[in-house]
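Participant: sequence and computational prediction follow.
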Amino acid sequence: MDRNLSLITPTGRLTLGNHLGALRRFVAAQDAAYSPDDCFFGLSDLHALTTPQDPAELRDTIREMATLFLAAGLDPSRVTLFRQSLVPAHRELAYLLECTTYTGELNRMIQFKEKGRGVPSTRASLYTYPALMAADILLYRPARVPVGEDQRQHVELTRDLAIRFNHTYGTVFVVPEVTLPRAGARVMDLQEPSTKMSKSAASDAGVIRLLDPPDVVRRKVARAVTDSDVGPSAVRSSRSEKPGVSNLLDILSACGGSTDGIKTYGALKSAVTEAVVATLSPLQKAYAELADDPAYVDSVFADGSVRCREVTASVLAAATAAMGL
């Protein structure tokens, strides 16, 4: 099977959307894998530094996210789990790729245009981080990279850099294909249903965190945006007309709940709460057990990072030699 590679940046505590759209997909890929070299799942902690982070909070977020990877069902005997910062090849290849990237390309990147252009305090790493993301991908030689539309531009730049490097210095990199993953759960903010639920959201009111206790989940769902429509047709899916209700229906479906007999917003919110709590309960129980053994969690990601250093060494060495170093 094709190598499966995905990383999540620890810029905030993981959300229900991260579980339904990412962690659950990771576990499905693990179940289809033949060996740990088929699946590489990591924490892109270097990417977190493109914006200001409190060091102590960042360490806590990294530890919590690593523990949640395991609590979600990822098995280190079947997949490779790693931290990007523990694999020096990511930083080293990123610089080599920066040397083949044009400023015009970086100027066009949407994230920099929206978050950094014209802002005096913008970190240079936010401008150059697409080269680091390209290194993240090219080091593992995946044939295909499944991404959502929000990351498609970055993978297309990765393709351009790989093609340019191979043409200029000789064939070193596999040029990955961009693929859109099969439609899955797209969880929106409960207060701003036109915006994806984000782990780095400014307000926590519309975000269900994976470690939120049941009473917090209940309160957030109860306050979720719906609309003023009433009657037997009020509970229906329509992203354009009823984005808040549609989001709740999508969450209910993704968490294995049923809409049978639901005719009011109150009944819908009650069903969503029960389904979400049931989904998060086993993950939270596993997390509590793992959190009591942080040394084990650290060892899993340290061992996985050693494996990544072995896998990436030949790619980095080939790129370095090709450029004449």
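Facilitator: Good, I have the coordinates.
Participant: from here on, just use CA atoms for contacts and neighbour counts.
Facilitator: Will do.
Participant: elements contacting the biggest helix by length in the chain?
Facilitator: Ranked by residue count and defined by DSSP state H, the top helix of the chain is helix 294-322. Using 3 or more Cα pairs under 8 Å, 6 or more residues apart in numbering; DSSP states H and E as the contact criterion, the neighbours of helix 294-322 among helices and strands are helix 55-71, strand 80-83, helix 89-98.
Participant: just want the angle from it to helix 89-98.
Facilitator: Note on geometry: by axes from the mean of the first three to the mean of the last three Cα atoms, to 10 degrees, helix 294-322 and helix 89-98 are set 30 degrees apart in direction.
Participant: domain-wise, how is the protein divided?
Facilitator: Using automatic domain parsing, the domains assigned to the chain come out as 4-184+294-322, 214-289.
Participant: CSV please, covering these and showing distance to Ala205, mean neighbour count and mean pLDDT.
Facilitator: CSV is the format used below for the domains of the chain (distance: least, Cα to Cα, whole Å; neighbours: other Cα atoms under 10 Å; pLDDT from 0 to 100):
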stretch, distance to Ala205, mean neighbour count, mean pLDDT
domain 4-184+294-322, 12, 18, 92
domain 214-289, 6, 17, 90
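Participant: of those, which is nearest Leu190?
Facilitator: The closest approach between Leu190 and any of the domains of the chain, judged by Cα to Cα, belongs to domain 214-289 at 4.8 Å.
Participant: could you work out the end-to-end span of the closest one for me?
Facilitator: The first residue of domain 214-289 is 18 Å away from its last residue (Cα to Cα, to the nearest Å).
Participant: and the helices in the stretch 101-250 of the chain?
Facilitator: Using DSSP state H, counting those that start in this stretch, the helices assigned to the stretch 101-250 of the chain run over residues 103-107, 110-115, 124-138, 149-169, 214-222, 243-254.
Participant: what sits up against the shortest one?
Facilitator: Helix 103-107 is touched from outside by 112-113, 127-128, 130, 157, with contacts defined as Cα atoms under 8 Å, 6 or more residues apart in numbering.
Participant: and the furthest pair within the residues you listed?
Facilitator: Lys113 and Leu157 (15.3 Å).
Participant: just send the domains of the chain back as CSV, with distance to Ala202 too.
Facilitator: Compiled in CSV, the domains of the chain are given as follows (distance: least, Cα to Cα, whole Å):
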stretch, distance to Ala202
domain 4-184+294-322, 10
domain 214-289, 15
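Participant: Val207 is nearest to which of the ones you listed?
Facilitator: Checking these against Val207 by Cα to Cα gives domain 4-184+294-322 as the closest, at 6.7 Å.
Participant: and the closest one, how far from the chain's centre?
Facilitator: Domain 4-184+294-322 has its average C-alpha position 9 Å from the chain's average C-alpha position, going by Cα atoms, centre = their mean, to the nearest Å.
Participant: give the contact list for Ala71.
Facilitator: 283-284, 286-287, 290.
Participant: 10 Å instead?
Facilitator: 23, 65, 282-291 (Cα atoms under 10 Å, 6 or more residues apart in numbering).
Participant: okay, those in TSV with secondary structure next?
Facilitator: Rendered in TSV, the data for those read as follows (DSSP: H, G, I helix; E, B strand; the rest coil):
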residue	secondary structure
Leu23	helix
Met65	helix
Pro282	helix
Leu283	helix
Gln284	helix
Lys285	helix
Ala286	helix
Tyr287	helix
Ala288	helix
Glu289	helix
Leu290	helix
Ala291	helix
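Participant: distance to Lys242 added to those, as a markdown table?
Facilitator: Compiled in a markdown table, those are given as follows (distance: Cα to Cα, whole Å):
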| residue | distance to Lys242 |
| --- | --- |
| Leu23 | 28 |
| Met65 | 33 |
| Pro282 | 31 |
| Leu283 | 31 |
| Gln284 | 31 |
| Lys285 | 35 |
| Ala286 | 36 |
| Tyr287 | 35 |
| Ala288 | 37 |
| Glu289 | 40 |
| Leu290 | 40 |
| Ala291 | 40 |
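Participant: and those residues, which is closest to Arg91?
Facilitator: Nearest to Arg91 among those: Met65, at 21.5 Å, using Cα to Cα.
Participant: distance of that closest one from Asp292?
Facilitator: Noted for Met65: a distance of 15 Å to Asp292, by Cα to Cα.
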